[in-house]
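**Q** what's the 3D shape of this:
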Amino acid sequence: MTRHGGARTRRAAFAAAIALVATGAASPPAAGAPHPASHRSAPAGHRRTPTGFVRVNQAGYERGAPERAYLMSPVAALGAPFVVVNATGHVVLHGTAGPDLGAWSDRFPHVYALDFTGPATPGRYTIRVHGPVRAISPAFRVDTGARLAARPLRNALFFYRAERDGPDFVRSALRTAPAHLNDANAMTYLTPHTNGDGVFRGDLHPLGRRIDASGGWWDAGDYPKFVQTTSYTVDLLLAGVRDFPRSMGRGADGSNFTDEARFGLDWLLRMWDDPTRTLYYQVGIGEGNDHIAGDHDIWRLPQADDTYGGTDPTFRYIRHRPVFRAGPPGSRVSPNIAGRDAAAFALGYQVFRRSRPGLARRCLLAAEHVFDLADTNPSGHLLTVVPFDFYPETEWRDDLEFGATELAVALADRGTRPGLPHTHAMHYLRLAAHWANAYLHGPGDAGDVLNLYDVSGLAHAELVRAIRRAGDPAGLDVDPAQLLEDMRAELDAALAQGKKDPFGFGFRWAQWDTATHGAGMAVEAGEYDRLTHGDAYTDAGRRWLGNILGANAWGASFVVGDGSEFPHCMQHQPANIRGSLDGSPPVLRGAVVEGPNSFSAHGRLPGMRACPADGRDRFAEFDGHGAVFVDDVQSYDTVEPAIDLTAASPLAFAMEAAGQL
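**A** Numbers count the residues shown, from 1 in each chain. Now for the predicted structure:
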């Protein structure tokens, strides 16, 4: 997306094959039709009491903590009494609705805060509202942060395992065979020139060199693989493994991401040929042309691709996927990818330097080499993917700050490292401070919170710690106070946006990447409070995370399996072909979908299972603030999951488990 929420063709998934029609909300359900997100209460007596809806964090609330749910009401209900009821029907807490947080839509002109303290006894609870409006919430858990986070962390790990490509797949109900084994001997190609729809003319131009591009994760609900999104994902997963070993590392019970992060790291190392200093950045093509099929032209299980279409030349790039080279050996590397790749490799060194020293040394050398080749004066589009409009990134200084910081941290252990171009942590600490200062004075400063397009929220936090560990050396271009101030500005902008939204969400609902921003805001809030030893953003961080877990107008968790109501109809091929279509197992647990957007796309491909079967938009009555959320396999712009969209959520849950959120 553009940095300030303009229109964006995120993946333009399947756009060349199906007609995508931008629409508003679909027609509301027929009168009397059941609504799984509604949780309606029965009318009392002979006079019908208006029905409202209680929206809660469906992943649960911490016991003893100040918490918030929301009442959506068609009538004024300030001061309406509510109770918190345990599983046996016993009332454990009383409260009153208020304040009025503003209108959501014409249908729901009132949204009220339902503030309460998490009950002291772990268990399942519901909230019931009485008075001028009646409503009942879905059931939710109350427990410690560690116990609440355990299941979402396990689910997130399941998602990444389900996205695995190559021979080392993880068998499940959704995955029954390895895929894209031909990637192990893939031909490399020049990047083609494409039009605005991602379509190229003629044929691809081979470079005559084959590489092993097997493994890695598919990007999203389709099957291409991108360094652009994988590097960001590996960065966040390795940071979680390093910083939260009891939740994401070797000490975790059922959510150890160490091997999964290494799986992604191994693929990044395959895509960076260190001896020749050559970057390969993409496997597969999304859009084809009149004579060549692209990934988005067909709907199938991934294991079909290696033999798809027999010898039909139309499908030759489905069977033998092209690998695109960024530039000739030794050429400059786009700074966004150079920075994120360097960060991933340096984090790989930090995580594996004791358990896998050979891998760690290889990572550190690759990190220095790719960082040294960063193009620090880029012109035109940054390198992301082909076509650029799938991921139109514009900021890059934050990526170089991130890469240099992680290299400084890696070199600070003072081990013996023969053969490195640079052996002193201070070299990279100065560079990190330089690029942080460039970001602070650049066009993207404080324009966003942590997400694929802006990693400053994590890079600043890492640099603050690195500077402090180095003893606050003089002469750096920035100091910790400036970095913390910039993080505060980003979070304050989110708070200001939240004041315009009845649910307090710090990002506009009617734009791309809404769900992942909720997790990113929570992570950045936790990082800031951790660094300042305060709690300035603790409540906001928890609520932002809660917003994407059900405490929103639609009453849906945008993280599949984390809650009682979540998308059933994702635009994801294995989930659609082999999974259930009603939320029962098997589902793609842990996947974070796009979330609400300003429009919904339509169009089908042969083999796509209709979902929902009746075509009804079960969330239409809750659309508002210019945003729609459509749970339909056709709607890639609301219910397609992706590795980068999911990447911040394990970190957020790990922070919750550690009491830092």
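
**Q** in the stretch 1-150 of the chain, what spans have low per-residue confidence?
**A** 1-47 (pLDDT under 70).

**Q** For it, which segments count as strands?
**A** Remark: strands assigned in the stretch 1-150 of the chain by DSSP state E, counting those that start in this stretch are 53-55, 61-62, 66-73, 81-86, 91-96, 110-117, 123-129, 135-136, 140-143.

**Q** So which of those is the most surrounded?
**A** strand 53-55 (a mean of 28; mean count of other Cβ atoms under 10 Å). Glycine gets a C-beta too; all of them are placed from N, C-alpha and C.

**Q** what's the spacing between that one and its chain's center?
**A** Centre-to-centre, strand 53-55 and its host chain are 25 Å apart (Cα atoms, centre = their mean, to the nearest Å).

**Q** which neighbours does that strand have in its sheet, and in what orientation?
**A** strand 66-73 (antiparallel) (DSSP bridges).

**Q** List every C-alpha atom in the partner strand, with coordinates, as PDB.
**A** These are the backbone C-alpha positions of strand 66-73, laid out as PDB (Å, rounded to 0.1, in the frame of the first residue of the first chain):
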ATOM      1  CA  PRO A  66      -8.200  -3.600  33.200                       C
ATOM      2  CA  GLU A  67     -10.000  -4.800  30.100                       C
ATOM      3  CA  ARG A  68     -12.500  -3.400  27.600                       C
ATOM      4  CA  ALA A  69     -15.300  -4.900  25.500                       C
ATOM      5  CA  TYR A  70     -17.600  -2.900  23.200                       C
ATOM      6  CA  LEU A  71     -21.400  -2.600  22.900                       C
ATOM      7  CA  MET A  72     -22.800  -1.800  19.500                       C
ATOM      8  CA  SER A  73     -26.300  -0.400  19.900                       C
END
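
**Q** would CSV of the strands of the stretch 1-150 of the chain with distance to residue 475 be doable?
**A** Shown next, in CSV, are those (distance: least, Cβ to Cβ, whole Å):
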stretch, distance to residue 475
strand 53-55, 51
strand 61-62, 44
strand 66-73, 44
strand 81-86, 56
strand 91-96, 55
strand 110-117, 48
strand 123-129, 55
strand 135-136, 60
strand 140-143, 49
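
**Q** Please determine how far the closest residue to residue 314 other than its chain neighbours is located from residue 315.
**A** Closest residue to residue 314 apart from its sequence neighbours, by Cβ to Cβ, 6 or more residues apart in numbering: residue 293 at 5.2 Å. Distance of residue 293 to residue 315, computed by Cβ to Cβ, to the nearest Å: 5 Å.

**Q** can you list residues touching both of the two?
**A** Common contacts of residue 293 and residue 315 (Cβ atoms under 8 Å, 6 or more residues apart in numbering): residue 309.

**Q** Between the two, point out the one with more neighbours.
**A** Higher neighbour count among residue 293 and residue 315: residue 293, with 23 against 20, using other Cβ atoms under 10 Å.

**Q** Enumerate every residue touching the more buried one.
**A** Contacts of residue 293 (Cβ under 8 Å, 6+ apart): 309, 314, 315, 317, 318.

**Q** ok, the residue nearest to the third one when sequence neighbours are not counted - how many residues close by?
**A** Once flanking residues are discounted, residue 315 sits nearest to residue 309: 3.3 Å by Cβ to Cβ, 6+ apart. The number of residues packed around residue 309, counting by other Cβ under 10 Å, is 15.
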